[in-house]
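S.K.: Curious how this folds, go ahead:
(one chain, ligands or ions: 2)
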Amino acid sequence: MAADPQHQSDRLQRRGLMLVLSSPSGAGKSTIARNLLETDTALELSVSVTTRQRRPSEIDGVHYHFISARDFERLRDTDALLEWAEVHGNYYGSPREPVEIAMAEGRDILFDIDWQGAKQLSEKMRADVVSVFVLPPSMAELKNRLHRRAEDDEDTIARRLKNAAEEIEQWRSYDYVIVNDDLDRAFDAVRSIVKSERLRRDRRPGLFDFVSGLLDEPL
Ligand code: ADP
Ligand code: 5GP
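M.R.: Ligands and ions are numbered 1, 2, ... in the order given. Coordinates of the predicted model:
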């Protein structure tokens, strides 16, 4: 039986993409990221290093690598981080090596990082980055979500709310913007973005050979 041409073209060699998700704390980007990672096996998470305290629900090495300030400085100063930033009084950074390996192998990586990190990645690797900013439907709902998450103390929540306006100001520098009112709609929107971005011509170097083969076929 002849191969399904659509299916065949799905298997063409392609270049991985770097999907960057940012939002003010509590808007829902980690929830969206989790759903994407569960439903899209071609996507993997860039596990950041951080000096922040682990939350009760978090697992070291899965959600973050929890490290000391001293170890963070060592990684930062040896250029082992692709980007890094201070966010809400803690340090966060994306380890360089796993990303470089994944990109070279044509795999897609998801980054749950703030606007400062998104800016650094876009400056360094513009062609590979697809950035999505997640907005809350209202500031009142943002506050509710931070409380409902029930993983941070009151001081931490107050600090995150205070920083929210500054983060929201950055929305214009992202490729896509999603208002996370309804979770299912937000998931669908991000999945559509990923699906379309994977089809971009410049992410599919295998098309050169595919099209040459098409044109060489005897009619
Ligand atoms: P962020 O990673 O942006 O800080 P989270 O993904 O941790 O935010 O979400 C904060 C809280 O809001 C969580 O308790 C999550 O379950 C909840 N949440 C996320 N999206 C929605 C939504 N669309 N409707 C209601 N609650 C939501
Ligand atoms: P949280 O403490 O809620 O997990 O994350 C706080 C903020 O830091 C979020 O906006 C999150 O996206 C951001 N963040 C997490 N990891 C990184 C990282 O490696 N680099 C940067 N720049 N920001 C990060």
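S.K.: rest of the way, CA atoms for contacts and neighbours
M.R.: Noted.
S.K.: tell me which residues in stretch 164-174 are buried?
M.R.: 164, 167-168, 170-171, 174 (16 or more other C-alpha atoms under 10 Å).
S.K.: Does residue 177 touch residue 133 like I think?
M.R.: Yes - using C-alpha atoms under 8 Å, residue 177 makes contact with residue 133 at a distance of 4.8 Å.
S.K.: Let's see which of the buried residues of stretch 164-174 end up in helices.
M.R.: Counting by DSSP state H, the members of these that fall within helices are 164, 167-168.
S.K.: Let me have those residues in JSON lines, extended by distance to residue 93 and pLDDT.
M.R.: JSON lines is the format used below for those (distance: C-alpha to C-alpha, whole Å; pLDDT from 0 to 100):
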{"residue": "164", "distance to residue 93": "20", "pLDDT": "94"}
{"residue": "167", "distance to residue 93": "17", "pLDDT": "94"}
{"residue": "168", "distance to residue 93": "20", "pLDDT": "97"}
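S.K.: quick check, nearest of the residues you listed to residue 84?
M.R.: residue 167 (15.9 Å; C-alpha to C-alpha).
S.K.: Next, work out how far apart the closest one and residue 142 are.
M.R.: Noted for residue 167: a distance of 13 Å to residue 142, by C-alpha to C-alpha, to the nearest Å.
S.K.: now residue 195
M.R.: From residue 195 to residue 142 the distance is 28 Å (C-alpha to C-alpha).
S.K.: ok, these two, which is more surrounded?
M.R.: Under the criterion of other C-alpha atoms under 10 Å, the comparison of residue 195 against residue 142 puts residue 142 first, with 20 against 11.
S.K.: For that one, report the pLDDT, please.
M.R.: Looking at residue 142, its pLDDT stands at 96.
S.K.: mind listing what it touches?
M.R.: Applying C-alpha atoms under 8 Å, 6 or more residues apart in numbering, one finds that residue 142 lies in contact with 26-27, 136.
S.K.: I'm done for today, thanks for sticking with me.
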